[in-house]
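Undergrad: the amino acid sequence is not available; the structure is as follows:
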């Protein structure tokens, strides 16, 4: 086994050989090309299943014996070889992992070989948190100069494909992006955002990917608000990757006439608004594609939470300009804002470029938009209400899950918005009261025309009221 591991060609994967007879070799080494770099030759190592148990028993006993002895070169060699096989067979033995850390610190094992070997272990045990943490420890060593981000991302993608909902692979992926990127960080974040969109389209139940996407969005918003140059780059990338938002967010035929599309999310900075418009468009497409999957609706709730929490609510600035850190709730200008908003809601010929958007109208537009989007999900040509009970059970169950998740999403948005609305209750205009009431009326109409409303849907509607 040691000779096979230490051959001239690097071993990048180890597996078990099943169905071997006594005349078959116990160790098989096959040369091939690397999945990541097709020009690189690697080897696949196979171990006979019949030899795994005696090998593991022998190595584990040797490891316990040598661990108690004083440090010397021979001891380090035995610990290196025994822990190598121990972790291949069973990846979550912490004492063996800590022993290999000690060998690296003592320079009995090179950091480059340990990084390569950790990849072999992860491919054998893709859901081992101990091995993923060990790899991060190796990559964090000061002597590691050049980390291949592409190779790390490829490893994470492969392990996520091999085992669905691999939380530890996504954690390592985020750690790599957060700590190892030395080049264009903004471009990497935007590329990762596009990757997560494609991944969720193909793996609609992957909650780990949804959680990773939310963290990438948080980093992107942070970069957008902290650096004006980055915000311009992000705006450019958002515009080049998606269609105009009016064609994607308000399709089909503008979900609600109550939302002024030219002022939608206008209280945010340009780059932040472009990010959220892109994310809303992607979320709409995902939900329309598979509306009965909970992970996609979790992505929607994360997005709504970010929008509400990003709204500028500080009022300690004297400047009235709209920017991520300034406020549009200035006490000295608040009456003027209310008057402007009141005239905008009663006059249809007002020039929208002179209207001053503010947080309360943004919350109102968001509430009315979300309720209208939920109502629009029920396509009468796809599942007629009168024929719902005659549809197959699978289709009916997906419709029920869609109703449940959509109402949870709206309830979540209202729970986030109500503290803000109550905080500014003195300045709560009648127009805004009308918008919130319209949102509730639309969802009420939607529920009352259902043939078979679920009890838990009604329980969530009670929280909305």
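TA: Arrived safely, thanks for sending. Here the structure is a predicted model, which means the values were calculated and not measured. Numbering: from 1, shown residues only.
Undergrad: which residues touch stretch 21-34?
TA: With Cβ atoms under 8 Å, 6 or more residues apart in numbering as the test, stretch 21-34 has contacts from 1, 4, 7, 9, 11-12, 17, 20, 39-48, 50-51. Just so you know, the C-beta spots here come from the backbone N, C-alpha and C atoms, and that holds for glycine as well.
Undergrad: any low-confidence regions in the chain?
TA: 238-263, 313-361, 378-400, 419-465 (pLDDT under 70).
Undergrad: residue boundaries of the strands in it?
TA: 11-17, 27-33, 41-48 (DSSP state E).
Undergrad: name the helices or strands packed onto the first one?
TA: Using 3 or more Cβ pairs under 8 Å, 6 or more residues apart in numbering; DSSP states H and E as the contact criterion, the neighbours of strand 11-17 among helices and strands are strand 41-48, helix 49-67, helix 111-124.
Undergrad: in it, which residues are buried?
TA: By neighbour count with 16 or more other Cβ atoms under 10 Å, strand 11-17 contains the buried residues 11, 12, 13, 14, 17.
Undergrad: isn't the third one up against residue 46?
TA: Yep, that's residue 13 we're talking about. No - contact criterion Cβ atoms under 8 Å: residue 13 and residue 46 do not qualify, at 9.5 Å.
Undergrad: coming back round to it: identify the farthest-apart pair in the buried residues of strand 11-17.
TA: Using Cβ to Cβ, the two most remote members of these are 12 and 17, lying 17.1 Å apart.
Undergrad: now the strands of the chain in TSV, with distance to residue 177?
TA: Output for those, formatted as TSV (distance: least, Cβ to Cβ, whole Å):
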stretch	distance to residue 177
strand 11-17	23
strand 27-33	27
strand 41-48	26
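Undergrad: nearest to residue 114, out of these?
TA: Short answer: strand 11-17, nearest of those by Cβ to Cβ, at 13.6 Å.
Undergrad: can you check what angle separates the closest one from helix 111-124?
TA: 30 degrees (axes from the mean of the first three to the mean of the last three Cα atoms, to 10 degrees).
Undergrad: please renumber the chain so that the first residue is 589 from this point on.
TA: Renumbered: residue one is now 589, and that last one reads strand 599-605.
Undergrad: the inter-axis angle of strand 599-605 versus helix 637-655?
TA: Using the same axes, to 10 degrees: strand 599-605 against helix 637-655 is 120 degrees.
Undergrad: ok so, going back, so for residue 671, which of the strands of the chain sits nearest?
TA: So among the strands of the chain, strand 599-605 is nearest, using Cβ to Cβ, at 14.1 Å.
Undergrad: pairing partners for that closest one, with directions?
TA: strand 629-636 (parallel) (DSSP bridges).
Undergrad: ok, residues contacting the strand it pairs with?
TA: 589, 592-593, 595, 597-605, 608, 612-622, 643, 676.
Undergrad: now with 6 Å, please.
TA: Contacts with strand 629-636, where a contact means Cβ atoms under 6 Å, 6 or more residues apart in numbering, come from 592, 597-605, 608, 614, 616-619, 622.
Undergrad: does residue 994 really touch residue 962, like I thought?
TA: Yes - if you go by Cβ atoms under 6 Å, residue 994 and residue 962 touch, sitting 4.4 Å apart.
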